[in-house]
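A.B. asks: predicted model follows, preceded by the sequence.
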Amino acid sequence: MKKTLVIGAGIVGICTAIELRNRGYEVLIIDPNEPGSQTSYGNAGVITDTSLMIVNNPQILKSLFSLIFKKQTGFAYSKSFIFLRFIWVLRFLMFSNKAHMEFAARAYKELQTLSLDTHKKLIKLTNSANNVSKPGWLKLFKTNSSFDNYSLELDVLDRNNASYKLFDTDEIKKNFPELKEKFYKGVLFNNSIRIKSPQALSKKYFDYFLKKGGEFNNSTCFNLDYIDNKWRVYLNNNYLSFDEVVVCTGPWSKEFLSKLKYNIPLAWERGYHHHFSTKKEIDIKPAIHDVEGGFVFSANKKEIRLTSGVELNFQYAKANEFQVLEAASKLSNIIPIDKQITKKAWLGSRPTIVDSMPMIGRAPKHKNLWFNFGHNHIGLSTSTGSAIILADMLQKKKKRLNTDPFAPQRFIL
């Protein structure tokens with residue numbers, strides 16, 4: 001039985017560990033934090049096969065002036081980050097073309113379909129059905145012009161056979177009477193599910209991993225060395241040896257792998273969220289993306305979870321709650337929120353490679369070292385699928401889908 005280390009206990013690391021353990025590997029997860037408590041905690045809780053449009057698409061070039069010079073709830077940036085990481089920003093924008101948009105959409109459709117089906121099985125195995133509502137993803141548009149701007153993404157969805165339903169103003173009001181504000185159009189994604197508590201789901205998955213015989217070490221992995229055909233993993237004052245190592249370190253991947261002389265083209269889509277109480281229970285199943293507002297919110301009875309848009313900044317930069325507080329002001333016009341429950345906004349960093357695609361596969365420079373990170377803002381939707389295709393590669397099994405779009409070798413590292 002091969003001894004395998006998974007570094008990172010986010011949702012991607014947990015799913016990878018489960019898949020390898022189910023295939024007979026002896027698996028240890030190492031992470032200094034509680035499983036599912038970091039980046040995997042702070043997301044909208046959506047699992048879907050329709051997050052196909054990457055951020056760096058042709059429309060971003062058309063909106064560049066507005067993004068740079070207008071302060072927005074949906075997007076903010078640090079001038080020092082743009083200046084000091086200008087090469088990354090330039091490379092990111094160079095991928096904003098139609099050919100790459102279509103290429104990425106096809107790849108993500110395959111990966112998310114596999115992932116959604118696998119999540120459904122794991123949700124059943126872990127008795128997590130009470131943490132699920134469906135359909136779980138709804139986009140709302142206030143104006144005709146904003147919906148027209150969405151036509152490019154609708155075309156991408158149609159070409160990839162995505163399942164969705166269009167709502168007009170009256171249908172939105174009928175199906176979601178709790179919404180106080182008037183919306184022009186809505187897009188409800190039929191196959192999506194919403195996870196009410198992403199951290200609770202991660203915990204259930206993690207407990208299932210332990211039940212299946214997996215192990216966890218609550219430590220920091222300081223360094224790796226490949227000695228005598230084994231990976232030596234250094235902790236505090238000792239080391240452990242493994243046959244295979246899988247790096248699932250999310251936003252910490254660039255920093256961690258620089259010790260092995262990899263230059264990962266990764267930056268951080270930072271995001272915030274707050275929780276609010278309501279005076280009465282709100283019965284809305286899907287997470288809702290207010291497109292003009294630039295935020296996502298979801299309702300759990302008398303509690304609303306509000307997630308802000310993207311902040312392009314350094315991972316360890318000081319928090320700035322402008323976006324999420326501005327979003328809360330806009331949300332108050334839509335839902336009768338009462339009090340802010342969280343004193344301080346949660347802040348996390350979503351790892352983004354310059355082409356908006358994760359790295360899944362064998363490390364280019366080392367034997368028995370594997371990458372599974374860079375899932376930007378859709379790690380929950382792609383986690384189980386990524387775990388399956390990585391395990392297939394590790395076992396040298398026939399590919400279930402085209403993994404070339406995710407190969408680490410696509411960049412000179």
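C.D. replies: Arrived safely. Residues are numbered from 1 along each chain as shown.

A.B. asks: if I look at the spatially most distant residue from the centre of the chain, how far off is Lys367?
C.D. replies: Note on the chain: the largest separation between a C-alpha and the mean C-alpha position, by C-alpha atoms, centre = their mean, falls on Asp228 (36.4 Å). From Asp228 across to Lys367, the span is 12 Å (C-beta to C-beta, to the nearest Å). Just so you know, the C-beta spots here come from the backbone N, C-alpha and C atoms, and that holds for glycine as well.

A.B. asks: with Gly24 instead?
C.D. replies: Gly24 is 21 Å from Lys367, by C-beta to C-beta.

A.B. asks: go on, Leu325?
C.D. replies: 49 Å.

A.B. asks: out of these two, which sits in the busier spot?
C.D. replies: Leu325 (16 against 10; other C-beta atoms under 10 Å).

A.B. asks: so that one, which state does it fall into?
C.D. replies: Classification of Leu325 by DSSP: H, G, I helix; E, B strand; the rest coil places it in helix.

A.B. asks: in terms of pLDDT, where does it sit?
C.D. replies: Leu325 is assigned 93 on the pLDDT scale.

A.B. asks: please apply the same query to Asn236.
C.D. replies: On pLDDT, Asn236 comes in at 80.

A.B. asks: mind checking the backbone torsions on the residue nearest to it when sequence neighbours are not counted?
C.D. replies: Nearest non-adjacent residue to Asn236, counting by C-beta to C-beta, 6 or more residues apart in numbering: Ser219, 6.8 Å away. For Ser219, the backbone dihedrals (degrees, to the nearest 10) come out as phi -140, psi 170.

A.B. asks: and what of Leu28?
C.D. replies: According to degrees, to the nearest 10, Leu28 has phi -120, psi 130.

A.B. asks: all the strands of the stretch 101-250 of the chain, in order from the start?
C.D. replies: Here the stretch 101-250 of the chain has its strands, by DSSP state E, counting those that start in this stretch, at 132-133, 137-141, 164-168, 185-189, 193-195, 215-217, 223-227, 230-234, 239-242, 244-247.

A.B. asks: nearest to Lys261, of those?
C.D. replies: strand 223-227 (11.5 Å; C-beta to C-beta).

A.B. asks: mind listing what the closest one pairs with, with the direction of each?
C.D. replies: Strands that pair with strand 223-227, judged by DSSP bridges, come out as strand 230-234 (antiparallel).

A.B. asks: run the chain-centre distance for stretch 227-235.
C.D. replies: 30 Å (C-alpha atoms, centre = their mean, to the nearest Å).

A.B. asks: all the helices of the stretch 101-250 of the chain, residue numbers only.
C.D. replies: 144-149, 151-159, 169-175, 198-211 (DSSP state H, counting those that start in this stretch).

A.B. asks: so how far is Lys344 from Pro198?
C.D. replies: 19 Å.

A.B. asks: pull the number of nearby residues for His273.
C.D. replies: So His273, with other C-beta under 10 Å, has 22 neighbours.
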